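Engineer: Fold the following for me, if possible:
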Amino acid sequence: MSAPSHELQTLKAEFFRALAHPARIRLLEVLSERGEQSVQALQARLDLDQPIVSQQLAKLRASGVVVGRKEGTTVLYALANPRIADLLAVAKAILSHRLTGHRSLLQELRRSG
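Structural biologist: Numbers count the residues shown, from 1 in each chain. Prediction:
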């Protein structure tokens, strides 16, 4: 089996870089749990200012991680691929295993979703 091309490795790195922000992870978790959401709903759910939510959604959208659909004057955002929810679940399982010795952080992780 041949090694992946530099271009493919770069594409993978860009995908993970798009996820590499706490607010973006939180947005993706809400979209995984609740499905399609407006900026206003996400803002209320995450207790973040509208510019922050919009900026982070723009980054996720540009990276192809989320998609937007206009309904009247509102844009509804959703995961571009349902497997992103699986990726978040796998990351949670990995972190849960890693944090087993850190009881308080593990409890916080479990409470978060």
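Engineer: what's the offset of the biggest helix by length in the chain from the middle of its chain?
Structural biologist: Assignment by DSSP state H gives helix 83-98 as the longest helix of the chain. Offset of helix 83-98 from its chain centre (CA atoms, centre = their mean, to the nearest Å): 11 Å.
Engineer: and after that helix, which helix or strand comes next?
Structural biologist: Downstream of helix 83-98, the first helix or strand assigned by DSSP states H and E is helix 103-111.
Engineer: Please save the CA atoms from that next one in PDB.
Structural biologist: Taking C-alpha atoms only, helix 103-111 is exported to PDB below (Å, rounded to 0.1, in the frame of the first residue of the first chain):
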ATOM      1  CA  ARG A 103     -12.000  12.100  38.000                       C
ATOM      2  CA  SER A 104     -13.200  15.700  38.000                       C
ATOM      3  CA  LEU A 105     -12.400  16.300  34.300                       C
ATOM      4  CA  LEU A 106     -14.000  13.100  33.400                       C
ATOM      5  CA  GLN A 107     -17.200  14.100  35.300                       C
ATOM      6  CA  GLU A 108     -17.200  17.400  33.500                       C
ATOM      7  CA  LEU A 109     -16.800  15.600  30.100                       C
ATOM      8  CA  ARG A 110     -19.700  13.300  30.800                       C
ATOM      9  CA  ARG A 111     -21.900  16.300  31.900                       C
END
